[in-house]
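Asker: Task: produce atomic coordinates for the following.
(2 chains)
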Protein chains: 2
Amino acid sequence: MGKPVERVAVVGAGVIGSGWAARFLAASLDVTAWDPAPGAQEKAHAAIEAAWGPMSRRGVKPGASPARLRFCASLEECAASADLVQENAPEREALKQGLLERIDAANPDALVASSTSGLLPTKLAERMRRPERMLVGHPFNPVYLLPLVELVAGEKTSAASLEAAGAFYEAIGMRPLKLKRETEGFVADRLMEALWREALWLVNDDVATTEEIDAAVTYGCGLRWALMGTFLTFHLAGGEGGVRHMLAQFGPALKLPWTRLVAPELTDALIDKVAAGCQVQAAGRSIKELEARRDAFLVDLLALVQNYWPEAEGRPGRL
Amino acid sequence: MGKPVERVAVVGAGVIGSGWAARFLAASLDVTAWDPAPGAQEKAHAAIEAAWGPMSRRGVKPGASPARLRFCASLEECAASADLVQENAPEREALKQGLLERIDAANPDALVASSTSGLLPTKLAERMRRPERMLVGHPFNPVYLLPLVELVAGEKTSAASLEAAGAFYEAIGMRPLKLKRETEGFVADRLMEALWREALWLVNDDVATTEEIDAAVTYGCGLRWALMGTFLTFHLAGGEGGVRHMLAQFGPALKLPWTRLVAPELTDALIDKVAAGCQVQAAGRSIKELEARRDAFLVDLLALVQNYWPEAEGRPGRL
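Answerer: Numbers count the residues shown, from 1 in each chain, chains lettered A, B, ... in the order given. Coordinates of the predicted model:
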């Protein structure tokens, strides 16, 4: 595992697997792939071709080529010569355990990463003889453009494997987020899932249509979230007093039925953790400086995104 | 209420109120303001000055000027001659009710909008003699740049008032989302609050720091959300089968503990509503076309946002 990753195996080549293949190929790596589903190979090639245009605009590495992808007839052949195996099977624990067991047998040395959205690596690696080189590397769709990848170690994952995987993903232009501990849904999916479930309640209860709910995101908070998450956003909402003032002011709203989700108690310990975190994020900048930076970004973003709004396509503006 | 809005009164001139004042002024309107807090006037002028630069880059209307703001010594003077009164007092029901009662007495004709984040207009208007012209017009920070405004009618709000307020906000460049019915937290805050409470749990349980949680948004889902909300995102995640296929595949995950929020039952009726909504949003475009559009946007957005990432400021890249 000390050696650099030059060959990558993609196990399962659906939307996520073919997205990984495209990203690996753009980084000028050799890629093998395996997917037992009928027509998977053709679909993957088409997906990679579609991705190549946008990726080229971002910039692909010299020597990179979709031709460096080789589909294999068996999982074992696919995995055998890889330095890193990326598993992208459907989200069923037993299925993934079986595949990881076969990968383990076919290749004793490679790093093995699962793209699971929220299953626990300790469970997934249960049938591997060498679980120390297994971890979760959870990407986001479209994999070939979004930088985030969540790294989650299982109980037996070695520090060296976590380190090597992080360095590899970073080298191919990603942002590895190393989780402090295993938890169902990790971080990003916990956030997205909370919003998603609330959105389903709003549709279920006939408060709004899917289109209206999406518009509430894209014309509002979604624009801010491309630059700063909720914590830094609320740090700014607190004015000069920052997030501590904001928590004092909006803390009581955590008791109101503004979502179906029950909030944690706003203890002093929690307030301290939030305030300390936001201090790190502010990186010495004043609220005024952060606001000016946000506004400059939003002006640029609005000029960009309005080209994608319905009116730009000659359709009546929705909302 | 049939007459066009030319004079606007801003009641409460903190972060939200001064944001509204900036937006109204940029639309070449005359604005009166009132805020009893010490130093409020100076702070508001400074905030409007800071906002004027970014707004100018977006484009302000001919004749627009910050000098067309006049601070008044009393609420009554501020409200008296306005065509629309925008109330931005702290989020306390009794306080707002009292202010709205005084606005009602001072000006019998104006549209009256409250910026409340989630209180119900029927309750807020209880002490008004003419509640038919009162509604919620809930903006998002920074008010002078973000287009979304949620319009919520109370039980006594007239259709004409709702219509007039919608037309006015649209005329000043906003996207009015008219809620089907009153509900605590409306739509956008229900979504944001769910994500916020989940984020607080993650910090509380030491799964991640505020910085890591924000990064999980800004390097992942936040980039997508600037263009498309969760429903359209999941419509694409379903491949050719769209959101209906996605719900079949990820429906079981709604039972997993991927958030503290309990999901609604995925009934056929709910699936039908979601699928029908996504059809409207897709506006006849195939999944492939939607993907190509998303990717083109993401490439542009990444080129833009990377100028705001830590490395662009010479700081070590976080994550």
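
Asker: Which parts of chain A are helices?
Answerer: Under the criterion DSSP state H, chain A carries helices at the ranges A:15-26, A:40-58, A:75-80, A:93-106, A:121-124, A:159-171, A:188-204, A:210-216, A:222-225, A:230-237, A:242-250, A:268-282, A:287-305.

Asker: residues contacting the closest residue to residue A:142 other than its chain neighbours?
Answerer: Once flanking residues are discounted, residue A:142 sits nearest to residue A:19: 5.6 Å by CB to CB, 6 or more residues apart in numbering or on different chains. In this view, the C-beta of every residue, glycine as well, is placed from N, C-alpha and C. Applying CB atoms under 8 Å, 6 or more residues apart in numbering or on different chains to residue A:19 gives the contacts A:47, A:51, A:139, A:141-144.

Asker: So for residue A:71, what pLDDT did the model give?
Answerer: For residue A:71, the pLDDT comes out at 98.

Asker: follow-up on the earlier one: and the residue nearest to residue A:142, how far is that from chain B?
Answerer: Distance, residue A:19 to chain B, by CB to the nearest CB, to the nearest Å: 11 Å.

Asker: Which pLDDT value goes with that residue?
Answerer: On the pLDDT scale, residue A:19 is placed at 97.

Asker: want to throw the contacts of residue A:19 into CSV with neighbour count and pLDDT?
Answerer: Conversion of the contacts of residue A:19 to CSV gives the following (neighbours: other CB atoms under 10 Å in any protein chain shown; pLDDT from 0 to 100):
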residue, neighbour count, pLDDT
A:47, 23, 95
A:51, 24, 96
A:139, 24, 98
A:141, 19, 93
A:142, 24, 95
A:143, 24, 97
A:144, 26, 97
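
Asker: Now intersect those residues with the strands, please.
Answerer: residue A:139 (DSSP state E).

Asker: of all the contacts of residue A:19, which two lie farthest apart?
Answerer: A:47 and A:139 (14.2 Å; CB to CB).

Asker: correct me, but residue A:146 touches residue A:139?
Answerer: Yes. Counting by CB atoms under 8 Å, residue A:139 is a contact partner of residue A:146 at 7.2 Å.

Asker: Compare the helices of chain A and say which comes out lowest on pLDDT.
Answerer: helix A:242-250 (a mean of 86).

Asker: Just tell me which of the helices of chain A ends up closest to residue B:35.
Answerer: Closest among the helices of chain A, once you apply CB to CB, is helix A:242-250, at 16.0 Å.

Asker: who's in contact with that closest one?
Answerer: A:231, A:234-235, A:237-239, A:241, A:266, A:271, A:274-275, A:278, A:282, A:287, B:90-91.

Asker: Tell me the one among those residues nearest to residue B:259.
Answerer: The closest of the contacts of helix A:242-250 to residue B:259 turns out to be residue A:231 (CB to CB; 17.3 Å).

Asker: count of neighbours near residue A:178?
Answerer: Per other CB atoms under 10 Å in any protein chain shown, the neighbour tally for residue A:178 reads 17.

Asker: quick one: it and residue A:165 touch, right?
Answerer: No. Using CB under 8 Å, residue A:178 makes no contact with residue A:165, being 9.3 Å away.

Asker: what do those two both touch?
Answerer: Common neighbours of residue A:178 and residue A:165 are listed as residue A:151 (criterion: CB under 8 Å, 6+ apart).

Asker: and the residue of the stretch 1-150 of chain A nearest chain B?
Answerer: residue A:148 (3.5 Å; CB to the nearest CB).

Asker: In contact with that residue, which residues?
Answerer: Residues near residue A:148 by CB under 8 Å, 6+ apart: A:139-140, A:174-175, A:177, A:188, B:215-216, B:219-220.

Asker: Considering those, which possesses the most neighbours?
Answerer: residue B:216 (29 neighbours).

Asker: and the gap between it and residue B:250?
Answerer: 19 Å (CB to CB, to the nearest Å).

Asker: before we move on, what about residue A:15?
Answerer: Residue A:15 is 12 Å from residue B:250, by CB to CB.

Asker: Assess the claim that residue A:187 and residue A:180 are in contact.
Answerer: No. Assessed by CB under 8 Å, residue A:187 is found out of contact with residue A:180, at 9.5 Å.

Asker: more neighbours, the two?
Answerer: Neighbours were counted for residue A:187 and for residue A:180 using other CB under 10 Å; residue A:187 has more, 26 against 15.

Asker: Just list the residues touching that one, thanks.
Answerer: Residue A:187 touches A:150, A:177, A:179, B:202, B:207-208, B:212-213, B:216, counting by CB under 8 Å, 6+ apart.

Asker: Format the residues you listed as a markdown table; extra columns: distance to residue B:255.
Answerer: What follows is the contacts of residue A:187, written out as a markdown table (distance: CB to CB, whole Å):
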| residue | distance to residue B:255 |
| --- | --- |
| A:150 | 21 |
| A:177 | 26 |
| A:179 | 22 |
| B:202 | 20 |
| B:207 | 21 |
| B:208 | 24 |
| B:212 | 27 |
| B:213 | 24 |
| B:216 | 23 |
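
Asker: which one of those sits closest to residue B:254?
Answerer: Looking across the contacts of residue A:187 and measuring by CB to CB, the closest to residue B:254 is residue B:202, at 19.3 Å.
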